[in-house]
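Trainee: here are the coordinates; sequence isn't available:
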């Protein structure tokens, strides 16, 4: 029987949600299918199963370039591979539009996995036209939330398949017990945490504004975990508004679970998402979640507000009031958290990994 072959297209590995899903899915598939991975970020090779064949540029300096440069390099590597033999299916995690165009020119089947709401990347007429035209050319489009699926249908007439991000509860619980930096020292304070890149999409500034809004009413400590070019803006704001002493900035770590495990509340302030892994992970660790009701994912995870609190995107006063609500209604919030935790079975890793395999088998 001929061995099935799949090329995972993941040009830029940055160690956040998309990449975490790529590790899990790729490693699962590699035990069943012949998997190769095209990337510039070969320093992350040890995160992947040894069965996976890496295709990457010869020199390491390419990994210091921006995303678009990495996309172009990896498209060239894909083209070189296709010239030798077109005996594979492409499973694309990044640069969907570029990769679909190349695959259609080469007559190669492709599954495109869209990772964040079109609210963030299709915000003008030209982009809407391009995405509608090209995404429809993929042999299959996968998304990670039902709301995301509806958006693609309504905006682009794309019939996407929803497969939730794979969540391994046992692994999260196990890793949360590893020794870690102690980020909260005072047990009498309200311990709040957020995790994410310091970029426009994540909008951590709204959390800082909310904390300034409630600082005279709530004794809190806030830890913000991540990295990115807006870190200085966040530090400057907290210093200017005299809340810097209550805030700790921690660089993103491979294992964030011991940090989340020390908090009372996890806050997500994103302007848009796909299906934020970090909310699932916080609930898996039984931490109460307060999230923006951004497109897409949080409302679905939090059962439209029955499994956690939702605030309007960018509304720091609404967020501040939700934090105070948690303090005043802890018993009710605990009941909400239990409901969210009970409903995590939708995201079970084995269930959703098998669904990925089914979609691949349809096209090979």
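Mentor: It's in. A quick note: this is a predicted structure, and the numbers were derived from the prediction, not measured.

Trainee: Determine the longest helix present in the protein.
Mentor: helix 67-84 (DSSP state H).

Trainee: residues making contact with that helix?
Mentor: Residues outside helix 67-84 that contact it (CB atoms under 8 Å, 6 or more residues apart in numbering): 7, 9, 11-12, 36, 38-41, 55-57, 62-63, 65, 88, 90, 94-95, 98-99, 102, 106, 108. Bear in mind the C-beta positions are built from the backbone N, C-alpha and C, glycine included.

Trainee: can you give me the offset of it from its chain's centre?
Mentor: 24 Å (CA atoms, centre = their mean, to the nearest Å).

Trainee: Now do the domain split for the protein, please.
Mentor: The chain breaks down into these domains under automatic domain parsing: 5-166+348-363, 170-347.

Trainee: Of those, which shows the lowest average pLDDT?
Mentor: Of all those, mean pLDDT reaches its minimum on domain 5-166+348-363 (a mean of 90).

Trainee: about what we covered before: would you show me how to pick out the buried ones of the contacts of helix 67-84 in PyMOL?
Mentor: Entered in PyMOL, the line below selects the buried ones among these, by 16 or more other CB atoms under 10 Å:
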select buried, resi 7+9+11+12+36+38+39+40+41+55+56+57+62+63+88+90+94+95+98+99+102+108
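
Trainee: and the contacts of helix 67-84, which of them are in strands?
Mentor: Among those, DSSP state E puts 7, 9, 36, 38, 55, 90 in strands.

Trainee: residues in contact with stretch 332-351?
Mentor: 24, 164-169, 280, 283-284, 286-289, 301-303, 306-309, 325-326.

Trainee: Equivalent analysis for stretch 131-139, please.
Mentor: Residues contacting stretch 131-139 (CB under 8 Å, 6+ apart): 96-97, 100-101, 104, 109-112, 114, 118, 121-122, 141, 152, 155-158, 363.

Trainee: From those, which land in helices?
Mentor: 96, 97, 100, 101, 104, 118, 121, 152, 155, 156, 363.

Trainee: The fourth one: how many residues sit nearby?
Mentor: So the one you mean is residue 101. 15 (other CB atoms under 10 Å).

Trainee: Just give the nearest non-adjacent residue to it, would you?
Mentor: residue 134 (6.3 Å; CB to CB, 6 or more residues apart in numbering).

Trainee: Surely the one you found is within a helix?
Mentor: Yes: counting by DSSP: H, G, I helix; E, B strand; the rest coil, residue 134 is found in a helix.

Trainee: Sketch out the strands for the stretch 201-350 of the chain, chain order is fine.
Mentor: 220-225, 247-250, 265-268, 288-292, 309-311 (DSSP state E, counting those that start in this stretch).

Trainee: Neighbours of residue 358, how many?
Mentor: Neighbours of residue 358 (other CB under 10 Å): 10.

Trainee: how about the strands of the stretch 201-350 of the chain in CSV, adding mean neighbour count and distance to residue 80?
Mentor: Below are the strands of the stretch 201-350 of the chain laid out as CSV (neighbours: other CB atoms under 10 Å; distance: least, CB to CB, whole Å):
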stretch, mean neighbour count, distance to residue 80
strand 220-225, 21, 39
strand 247-250, 17, 41
strand 265-268, 25, 40
strand 288-292, 25, 43
strand 309-311, 23, 47
